[in-house]
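Enquirer: Provided below are the primary sequence and the corresponding predicted coordinates.
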Amino acid sequence: MRWIALAGLGAALLVPWMPAGGYQQYVVQVATFVLINAAVALAWDIQARTGQLSLAPAAFFGLGAYAYTMAALRGVPLWLAFALGPVASAAVSLVLGVITLRLQGLYFAIATLAFAEVVKVIFKELPVDLTGGAVGLTAPPLLGGHQTGLYYLGLAVLLVTIGASLAVRQTRLHYAFTAIRQGELTARVLGVRVVQVKLFAFVLSAFLIGLVGAYATSRLFFVIPDDTFGIGISVSALATAIFGGVYTTAGPVLGALILRTLEEGLHIVLRQGYLVVYGVILMVVILYLPGGLVGLLTRRRGRDAAAGD
Amino acid sequence: MDLFLQTLVNGLIQSGTYALASSGLALAVGVLHIVNFAHGEFLMVGAFTAYWLSLLVGVDPLVSLVPAGALLFVASGGIYRFSVRHVLLAPELNALLLTFGIAITLQNLAVLAFGATPRVVHTAYQITTLSLGPISVGVAPLITLVVSVAVLSGMYAVLYRTGVGKSIRAVAQNRTGAYLVGLDVDRIYLLTFGLASALAAVAGAMVLVRIGASPHMGFAFVLKAFAIIVMAGLGNLTGVLWASLILATGEAFVRTYVPGGGGWAEAVFFLLIFGTLVWRSWRQA
Amino acid sequence: MRNVAVILVIVAMVALGGTEGLAQREQVRIGITLPLTGPASVSGKAAEAGFRLALDEINKAGGVLGSRMQVIIEDDGNLPARAVPIFTKFVTVDRVHAITGIFGSAVGVSIVGPAKLHEPLILMIGAASPLVERGFADYKYLFHYHPWAYHNLEAVFNFMEFLRTGTGASTIAILYEDGPFGSTGIDDTRRELIRRGFDVPFMEAFKSGSGDFTALLTRAKRHPVDVLFWIGFDADALPIAVQAREVGFAPRMIFGTPASWPVGFEANPVARDVAGLAGWTSASPLAASREFVKKYQAKYRATTEEYMAPMAYTILTTLAAAMNKAGTPDKDRVTAELARTDAETPMGRLRFRPSRLSPSIYQGFDADLWMVFQFRDGRRVPVWPTHVAAGPLAWRWR
């Protein structure tokens, strides 16, 4: 697996230099959006490993985006505004995490969903000169909008997320996460500090998503409650992670790459109705590859699955 | 006082739509733990079925409830057999992604077939109103309320008073145990999933009268439906009625009495759900 | 023998040189980005139909600069995440001579960055938000055909004044959807109406598509209201009309401004005399409009009520005309010619003026684009402004 990862990193680093002729910039831009999707999906996955099905990524993404935008528009230096994004998300996630500590499964999922929707409405209804209201705000771009520079910044964000995922995987935290996912009560009995671990996962995940949110905004130049806090962000994160293979590092990243490429490819081939094929592919993959894409790869290797513990 | 009563009535009537749209999901998720993301699309298919029957054959949507429900019952049986069945034993997340894929497929098939523009029908009772003193009540939404109450109490009766219901509950409680006592578990899942989808279609037919049918209509409903059944408590069917009532009335009061309440009503909806879930979780401590 | 070979080589080289020269007269390529899928696809597909109709006509008349005009149509789904790569592809890969389409305001804002990098010629069919206007400040090659959001409001104000003059209407209740479409400038709208002497005792937001208006309409009922003015989407048209009757709320006119109306609405009795805003209707008596309807009917064997179709048709035909007049695809020359456009279009006369907030932008249609129609006998009957009216204004309900 190691050399595949290195090869992938190499390819990612070289994307802006690849001889794609005129398609150069187009490829870089699509690649940037793949990075964003991958990072959000992976960050979601980190926290999903404790068994919590969160639908709050949209809220944290939006909070990161809005924190950056609102700070930048008030004259805060851009790098500081950028750092403010993840911090704001992390702070809010801590509070949310504590409040929802005793919720499990679908109850937890709906509670986080409800939270995200409430946050969306708040940003829509607050005074326009504060948050821009339903119309949104334009955000100043980082790095002066330089395409290649922004691509590498996005890659850096994804690498930080991958680093976090690997760190969690390689340490004893991995056992704690898995134990909690398989049974909170049992985990507690085994001596796992359930509360701390759950909160840590939740806050770390939110921090990373907030980081991606701030980054994505400096790329799209625009925040608006309906899209920036849109539930599509949460749903896409979890669909990507499941498709690629949950509870793994490579899964969400691979999922983002394949899904986005698939979507673009299908779109080119079938102008209308490409989404129908897309939906069918989602169905087929999950029916025949219960471990997602990664499940396929590890099964081929004959190793006991890293996915679906 | 009049305004207060009318607002209460408005909320009561709207709760019927919420409850009916959620009833099928309450059955699928609450009882059988099948996280059916495609519930909204089944509702949409029901709405379109009723629409076409109304346009082409002149059948009133109220009557179309039956064929729409039957169509979805059969179709979802097929969907169950060929896909949902295989993810029942897989992690919960897989059912989620599968039904999400089904939802996308259905939604975009509808766009291809019908175009994205919403379609509306005309029925004789669409604007009929009952006046009880100073309070006015629309007949169409009143019928929806009555149907939802009938459906939910009917479901309750079937689950707790009949043999079939007992089998369903047995499977819900302990799948393996149900096998061991000789129940045809697969058949029960099939029937229940079919019934849940049929109920979604019935809700769709009623929504057609009130709002219209459009390929993208399903998503908003499935979102609220999930929220409602979770607030009611998974497996608690009568709770769906209470949850719908509280939520719809909450929205109605915010819209009526709070300046700028129109925009905040949705926040109140989800805040009530959030609050209920959190409060319940800590109370059990 | 060798001399013959040399002559042959020279002849061949000359011939090749000649074909090189021919190849210089390359085809004119136009990049079009539209929402062909997703919730905005109705407008996007209407625009595509208009573009293709124009393309046929242009090429049948000899094309542009001596060869056939070519369009590259891409689907952006009204999403910035799609539109930005498409825009870049148009400029760097397809090397188009102009870019058009650009329906949604979010898309319009998102392409500001890449646009400023390459500075292509842009002709916008939509994107009415002032954020787009400000984003493109100092841009030299933008032709914004569609009115800005404040133009739309101006038209509404003018209509309200017309109502007041003719019927004495003075009280307006406003319902607006809580997204960017309904909320843009809503507070300014209210302020302006009050400034013009109207009374606005009620203004509330609603969630489009929710279908539940009973509470809001019950509340609106407490005021004597002449006009119920709502800004939302097609899915809201029926519930508002139905539920107004349900709660006994009877304004003298229901005036809605969704971009399109549901199928079957005009056949429903509740739609009677509901007023709507349109950029154009197929019933328009203007000569250019009747021509357009005929051509559309001939090509597609159908009629359309979507104003994006004639808008797209107008864009491509005026662009082709400007390019032919300029004699070159060079963007500075084409811009100069296009800026001089004075054409009779299906939507009325088109001339470009400096845009109000960003004078370097060429602004095409303004508030005069908009007309008000009422649903009557299963059709849309224009009732204002008077020079396009095909029937009397119906003022009813009490």
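Expert: Perfect, I can see it now.

Enquirer: State the pLDDT value of residue B:35.
Expert: With respect to pLDDT, residue B:35 scores 88.

Enquirer: Surely it forms part of a strand?
Expert: No - if the criterion is DSSP: H, G, I helix; E, B strand; the rest coil, then residue B:35 is coil and not within a strand.

Enquirer: doesn't residue B:98 make contact with it?
Expert: No - checked against CB atoms under 8 Å, the pair residue B:35 and residue B:98 is beyond contact range at 9.2 Å. Placement of C-beta: from N, CA and C, glycine included.

Enquirer: Neighbour count for those two, which is higher?
Expert: The neighbour count for residue B:35 versus residue B:98, taken as other CB atoms under 10 Å in any protein chain shown, is higher for residue B:98 (28 against 24).

Enquirer: Where does the more buried one sit, in terms of helix or strand?
Expert: In this assignment (DSSP states H and E), residue B:98 forms part of helix B:92-114.

Enquirer: Distance from the chain centre to that helix, please.
Expert: Mean-position distance between helix B:92-114 and its chain equals 17 Å (CA atoms, centre = their mean, to the nearest Å).

Enquirer: Give me the residue ranges of chain A where confidence is low.
Expert: A:1, A:21-22, A:299-309 (pLDDT under 70).

Enquirer: Nearest the geometric middle of it, what residue?
Expert: By CA atoms, centre = their mean, the mean C-alpha position of chain A lies nearest to residue A:40, the distance being 0.7 Å.

Enquirer: Surely residue C:264 touches residue B:123?
Expert: No - between residue C:264 and residue B:123 there is no contact under CB under 8 Å: 11.7 Å.

Enquirer: Pick out whichever of these two has more residues nearby.
Expert: Comparing residue C:264 with residue B:123 by neighbour count (other CB under 10 Å), the higher total belongs to residue C:264, at 20 against 16.

Enquirer: Next one: that one, what pLDDT does it get?
Expert: 91.

Enquirer: Quick check: chain neighbours aside, which residue is closest to it?
Expert: residue B:120 (4.7 Å; CB to CB, 6 or more residues apart in numbering or on different chains).

Enquirer: One more: residue C:297?
Expert: Residue C:297 sits nearest to residue C:303 (CB to CB, 6+ apart), 6.3 Å away.

Enquirer: So what's the residue count around that neighbour?
Expert: Residue C:303: 11 neighbours (other CB under 10 Å).

Enquirer: likewise residue C:197?
Expert: Counted with other CB under 10 Å, the neighbours of residue C:197 add up to 10.

Enquirer: again with residue A:168
Expert: 20.

Enquirer: which secondary structure element contains it?
Expert: Assigned by DSSP H and E, residue A:168 falls in helix A:147-170.

Enquirer: again with residue C:99
Expert: Take DSSP H and E as the rule and residue C:99 turns out to sit in strand C:98-101.

Enquirer: Sheet-wise, list the partners of that strand with their directions.
Expert: Based on DSSP bridges, the pairing partners of strand C:98-101 within the sheet are strand C:29-34 (parallel), strand C:122-124 (parallel).

Enquirer: Save those strands as CSV, and put in mean pLDDT, distance to residue C:352 and mean neighbour count too.
Expert: What follows is the strands paired with strand C:98-101, written out as CSV (pLDDT from 0 to 100; distance: least, CB to CB, whole Å; neighbours: other CB atoms under 10 Å in any protein chain shown):
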stretch, mean pLDDT, distance to residue C:352, mean neighbour count
strand C:29-34, 97, 18, 26
strand C:122-124, 97, 11, 24
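
Enquirer: Make a markdown table out of these and add distance to residue C:231.
Expert: A markdown table is the format used below for those (distance: least, CB to CB, whole Å):
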| stretch | distance to residue C:231 |
| --- | --- |
| strand C:29-34 | 23 |
| strand C:122-124 | 21 |
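
Enquirer: Of those strands, which is nearest residue C:255?
Expert: Proximity to residue C:255 (CB to CB) singles out strand C:122-124 among the strands paired with strand C:98-101, at 26.9 Å.

Enquirer: I'd like to check what contacts the closest one. Which residues are they?
Expert: C:98-102, C:108, C:115, C:132, C:139, C:141-146, C:315, C:319 (CB atoms under 8 Å, 6 or more residues apart in numbering or on different chains).

Enquirer: Take those residues and keep only those in strands.
Expert: C:98-101, C:142-144 (DSSP state E).

Enquirer: Show me which of those residues is closest to chain B.
Expert: residue C:101 (17.6 Å; CB to the nearest CB).

Enquirer: just to revisit the earlier point, in this structure the residue nearest to residue C:297 contacts residue C:292, no?
Expert: No - judged on CB under 8 Å, residue C:303 makes no contact with residue C:292 at a distance of 10.5 Å.

Enquirer: Quick check: neighbours shared by the two?
Expert: Contacts common to residue C:303 and residue C:292, judged by CB under 8 Å, 6+ apart, are absent.

Enquirer: what do residue B:35 and residue B:98 both touch?
Expert: Overlap between the contact sets of residue B:35 and residue B:98, as judged by CB under 8 Å, 6+ apart, is nil.

Enquirer: circling back to that earlier point, after the helix holding residue B:98, which helix or strand is next? Please name it.
Expert: In the C-terminal direction from helix B:92-114 (assignment by DSSP H and E), the next one is strand B:129-132.

Enquirer: about what we covered before: the residue nearest to residue C:264: neighbour count?
Expert: 30.

Enquirer: Which residues are in contact with it?
Expert: By CB under 8 Å, 6+ apart, the residues touching residue B:120 are B:208, B:211-213, C:237-238, C:262-265, C:268.

Enquirer: List, one by one, the residues from the stretch 51-200 of chain C near chain A.
Expert: Within reach of chain A by CB under 8 Å from any CB of the partner chain, the stretch 51-200 of chain C has these residues: C:75, C:80-81, C:84-85, C:88-89, C:91-95, C:106, C:109-110, C:112-114, C:117, C:129, C:131, C:134-135, C:178-180, C:182-184, C:187.

Enquirer: about what we covered before: any buried residues in the helix holding residue B:98, and which?
Expert: B:93-111, B:114 (16 or more other CB atoms under 10 Å in any protein chain shown).

Enquirer: from the residues of the stretch 51-200 of chain C next to chain A, which are also near chain B?
Expert: Contacts with chain B are made by residue C:178 out of those, judged by CB under 8 Å from any CB.

Enquirer: Narrow the residues of the stretch 51-200 of chain C next to chain A to those in helices?
Expert: C:80-81, C:84-85, C:88-89, C:91-92, C:106, C:109-110, C:112-114, C:117, C:131, C:134-135, C:180, C:182-183, C:187 (DSSP state H).

Enquirer: Tell me what residue B:136 is bridged to.
Expert: Bridge pairing for residue B:136 - DSSP bridges - gives residue B:131.

Enquirer: just the helices in chain C please.
Expert: Using DSSP H, helices in chain C cover C:2-24, C:41-60, C:80-92, C:105-110, C:112-118, C:130-135, C:149-167, C:180-183, C:186-195, C:214-220, C:234-246, C:287-300, C:308-326, C:331-339.

Enquirer: what would those look like in CSV with mean pLDDT and mean neighbour count?
Expert: CSV is the format used below for the helices of chain C (pLDDT from 0 to 100; neighbours: other CB atoms under 10 Å in any protein chain shown):
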stretch, mean pLDDT, mean neighbour count
helix C:2-24, 50, 9
helix C:41-60, 95, 21
helix C:80-92, 89, 24
helix C:105-110, 90, 26
helix C:112-118, 91, 18
helix C:130-135, 91, 22
helix C:149-167, 93, 19
helix C:180-183, 86, 23
helix C:186-195, 94, 16
helix C:214-220, 94, 26
helix C:234-246, 93, 25
helix C:287-300, 96, 15
helix C:308-326, 96, 24
helix C:331-339, 96, 17
